[in-house]
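# build me a model from this:
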Amino acid sequence: MSSDVIRAAGGVIFRRRNGILETLIVHRPRYDDLTLPKGKAHDGESIEATALREIHEETGVTGELGPELQSVRYTDPLGRPKVVRYWLVRADEVEDFRPDHEVDALVWAAVDEAPATLTNQRDREVLAEATRLTQPAYLLRHGKAGSREEWKGDDRFRPLSVKGRRQANGLVAAFRGRRVDRILSSPVDRCVQTVEPLAKERGVEVEAVPWLLEGTDGSVVLETIRSLPGPAVLCMHGDVISKVVLSLVEDGVAVEGPMVWKKGSAWTLERDVGFPSRLRYRPPPRDRAG
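This next block holds a predicted model:
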């Protein structure tokens, strides 16, 4: 990146009040606009430190950085190229706000109403991405696929068994009434086949991604899930789902249900203000005929 490019950072700040998800918007008198809090980096300052400092200086909010959101590139009023990096931020504390020449007013707006409040379309797009991070991720183990030892071919092509196909078809009913925007899967046949009926019913493509493969580092999967917009279904293997669930529990995420990951079962990962908040176990669909 050229040294002439202005570095800046900011965030989408979330809090929940009376069950309503709100975001913080600032008014800048110089431009007479309503925008997300952001500002320029100091020389030698990390961009993450810039985000936290600017948010605190403009709003009085101290908080925790969550996943990084999309960056915004544009030319400032003086014709200089500028890149603003944004993070999701959970407000921990709101100190006394002191209006000044840069920011003279704050607005806590419900996220449903915030797009109409924001002046710029680029801010609306960043907010939309952050809002999708508050939607759940469904961590699904593939259905039954017979015995690994008895399968003579490449294990990547081991298909679902008859019972596994019944479980896959049962997922359509299990997810009824639940919004699903994306379906991601380990590339192996038994995982893809598990989510194919649900994908067909929802009219979405199955995205085969290598980071859900058996043997993948659980920390890599967990960090990817943290920044994955939802609501999304992720079909994976027993070793991967156990690593992710156990890591979340170690981080203090509340859990409802037995600590098991049976074939065809799912864990719902709820995300409050964009951060993992609760795990709920869902048993596998029925795999018997009749």
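
# number of residues surrounding residue 210?
Neighbour count of residue 210, defined by other Cβ atoms under 10 Å: 8. C-beta: built from backbone N, CA, C; applies to glycine.

# may I have the secondary structure class of the nearest residue to it once chain neighbours are set aside?
Nearest residue to residue 210, sequence neighbours excluded (Cβ to Cβ, 6 or more residues apart in numbering): residue 187, at 6.4 Å. Assigned by DSSP: H, G, I helix; E, B strand; the rest coil, the conformation of residue 187 is coil.

# also residue 106?
Residue 106 ends up strand, using three-state DSSP.

# close enough to count as contact, it and residue 98?
No: counting by Cβ atoms under 8 Å, residue 106 stays clear of residue 98, with 10.7 Å between them.

# who does residue 72 bridge with?
With DSSP bridges as the criterion, residue 72 is bridged to residue 84.

# quick check: the gap between it and residue 132.
17 Å (Cβ to Cβ, to the nearest Å).

# where exactly do the strands run in the stretch 51-200 of the chain?
61-68, 72-75, 81-94, 105-110, 137-141, 182-185 (DSSP state E, counting those that start in this stretch).

# just name the most buried of these.
A comparison of the strands of the stretch 51-200 of the chain by mean neighbour count, using mean count of other Cβ atoms under 10 Å, puts strand 137-141 on top with a mean of 25.

# so what strands line up beside that one?
Strand pairing (DSSP bridges) places strand 137-141 next to strand 232-236 (parallel), strand 266-272 (antiparallel).

# which one of those strands lies nearest to residue 16?
Among these, strand 266-272 comes nearest to residue 16, with 6.6 Å by Cβ to Cβ.

# quick one: buried residues of that closest one?
266-271 (16 or more other Cβ atoms under 10 Å).

# check stretch 195-212 too.
Quick answer for stretch 195-212 (16+ other Cβ under 10 Å): 195-199, 202, 204, 206-207, 209, 211-212.

# JSON lines please, covering these and showing pLDDT and distance to residue 117.
Below are the buried residues of stretch 195-212 laid out as JSON lines (pLDDT from 0 to 100; distance: Cβ to Cβ, whole Å):
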{"residue": "195", "pLDDT": "98", "distance to residue 117": "38"}
{"residue": "196", "pLDDT": "98", "distance to residue 117": "41"}
{"residue": "197", "pLDDT": "98", "distance to residue 117": "41"}
{"residue": "198", "pLDDT": "98", "distance to residue 117": "36"}
{"residue": "199", "pLDDT": "98", "distance to residue 117": "36"}
{"residue": "202", "pLDDT": "98", "distance to residue 117": "32"}
{"residue": "204", "pLDDT": "97", "distance to residue 117": "31"}
{"residue": "206", "pLDDT": "98", "distance to residue 117": "37"}
{"residue": "207", "pLDDT": "98", "distance to residue 117": "33"}
{"residue": "209", "pLDDT": "98", "distance to residue 117": "36"}
{"residue": "211", "pLDDT": "97", "distance to residue 117": "37"}
{"residue": "212", "pLDDT": "98", "distance to residue 117": "38"}
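
# which ones are touching residue 165?
Residue 165 makes contact with 143, 193, according to Cβ atoms under 8 Å, 6 or more residues apart in numbering.

# and it, how far is that from residue 71?
For residue 165, the distance to residue 71 - Cβ to Cβ - is 43 Å.

# I'd say residue 107 and residue 33 touch.
No: using Cβ under 8 Å, residue 107 is not in contact with residue 33; the gap is 11.9 Å.

# hey, what's in contact with both of those two?
residue 27.

# can I get stretch 240-259 in CSV? Just the C-alpha atoms.
Presented in CSV, the C-alpha positions along stretch 240-259 are these (Å, rounded to 0.1, in the frame of the first residue of the first chain):
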residue,chain,number,x,y,z
VAL,A,240,-13.7,-30.8,14.0
ILE,A,241,-17.0,-30.1,15.7
SER,A,242,-15.7,-31.4,19.0
LYS,A,243,-12.7,-29.1,18.9
VAL,A,244,-14.9,-26.1,18.1
VAL,A,245,-17.5,-26.8,20.8
LEU,A,246,-15.0,-27.6,23.5
SER,A,247,-13.0,-24.4,22.7
LEU,A,248,-16.2,-22.3,22.9
VAL,A,249,-17.1,-23.9,26.3
GLU,A,250,-13.6,-23.2,27.6
ASP,A,251,-14.1,-19.6,26.5
GLY,A,252,-17.1,-19.4,28.8
VAL,A,253,-19.9,-19.8,26.2
ALA,A,254,-23.0,-21.1,27.9
VAL,A,255,-24.1,-24.6,26.8
GLU,A,256,-27.5,-26.4,26.7
GLY,A,257,-27.5,-30.1,26.1
PRO,A,258,-25.2,-33.1,26.5
MET,A,259,-21.6,-32.8,25.3
